[in-house]
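Student: From the sequence below, what's the structure:
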Amino acid sequence: MSDELRAPMQQTAAAEPGPISRLFGVLFAPRKTYETIVRAPKVLGALMVVTLAVAGGAGVILSTEVGQQAALEQQLDAMESFGISVNDEMYTQMERQMGNAVYFSIGGAAIGIPLLGLVVAGVLWSVCYVVLGAHAPFKAMFAVVAHAGVVNIVQQAFVLPLNYARGAMNSPSTLAAFFPMLEESTFAQSTLAAVDLFIVWQLFIVAIGVGVLYGRHTGPIATTFYVLYALIATGIGSVLSQIGG
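Tutor: Here you go, the predicted model:
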């Protein structure tokens, strides 16, 4: 290869943004960044950054006494909502196991985040292929979903300090947080608690990426995502309110 051809290729490689730059770009200039991502889709770097950040954040709060106590109380509330009575022996055993919660949390995030991203990308790619007849590399769809995971990092940065200060593990960024007057375990409260504002934001970013990938407008895609999310939240609210009642 001649020096004349090699030089532009080296300049292009050097100018290609790394995973951190792409993740920041998805936050502040999502359409422009996704245009770069779908042209040369890369998954591993972004997925590793998101997974390490989320797993690390969860591990930090669960390594504290406040975090462990909050996690224990959350487990107790969940068990009681399913009608399970916790005696002193069960409580002592659960309290003793809290020392290992940090490892389970980190391991769960390390496995769950890549797996969830793979599943979401697979569902979106399949729907676009079957329903729309649109063709695109699966890797590009996986890259769209993986880079949207940057919202999870922002969520951790917002939620974890608040949870530590509150001594609670439930998310303060759900719609239910804006309606504290609602009674716990009612249909309305449970439904609103299933709608997280960060997920709403993340769905919009994914919609932008899917629109760029398939050359479609963002609006109809985002609307479809939000309708499905609303239906899922309504279903969750219905089930939880029946269990809680």
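Student: Give me the neighbour count for residue 165.
Tutor: By the criterion of other CB atoms under 10 Å, residue 165 has 10 neighbours. For glycine as for every other residue, the C-beta is placed from the backbone atoms N, C-alpha and C.
Student: and the helix or strand containing it, what does it pack onto?
Tutor: In this structure, residue 165 sits in helix 150-166 according to DSSP states H and E. Under the contact criterion of 3 or more CB pairs under 8 Å, 6 or more residues apart in numbering; DSSP states H and E, helix 150-166 touches helix 19-28, helix 44-62, helix 65-81, helix 197-214.
Student: Flag every buried residue along it.
Tutor: Under the neighbour-count criterion of 16 or more other CB atoms under 10 Å, helix 150-166 has 150-153, 155-156, 159-160, 163-164 buried.
Student: Find the nearest non-adjacent residue to the spatially most central residue of the chain, please.
Tutor: Geometric centre of the chain, nearest residue: residue 152, 4.9 Å, by CA atoms, centre = their mean. The spatially closest residue to residue 152, leaving aside those adjacent along the chain, is residue 54, at 5.2 Å (CB to CB, 6 or more residues apart in numbering).
Student: before we move on, the earlier item: verify the stated contact: the residue nearest to the centre of the chain with residue 51.
Tutor: No - between residue 152 and residue 51 there is no contact, the gap being 9.2 Å when judged by CB atoms under 8 Å.
Student: quick one: the residue nearest to residue 24 when sequence neighbours are not counted from residue 67, how far?
Tutor: Using CB to CB, 6+ apart and skipping residues adjacent in sequence, the residue nearest residue 24 is residue 150, 7.6 Å away. Per CB to CB, to the nearest Å, residue 150 is found 24 Å from residue 67.
Student: circling back to that earlier point, what's the residue nearest to the centre of the chain in contact with, if anything?
Tutor: Listed by CB atoms under 8 Å, 6 or more residues apart in numbering, the contact set of residue 152 reads 50, 53-54, 113, 198, 202.
Student: just residue 72 next, same as before
Tutor: Counting by CB under 8 Å, 6+ apart, residue 72 touches 94-95, 98.
Student: separation between it and residue 61?
Tutor: Applying CB to CB to residue 72 and residue 61 gives a distance of 13 Å.
Student: low-confidence ranges in this protein?
Tutor: Low-confidence segments of the chain (pLDDT under 70): 1-15, 81-83, 244-245.
Student: show me the biggest helix of it in terms of residues.
Tutor: Looking across the chain with DSSP state H, the single longest helix is helix 101-130.
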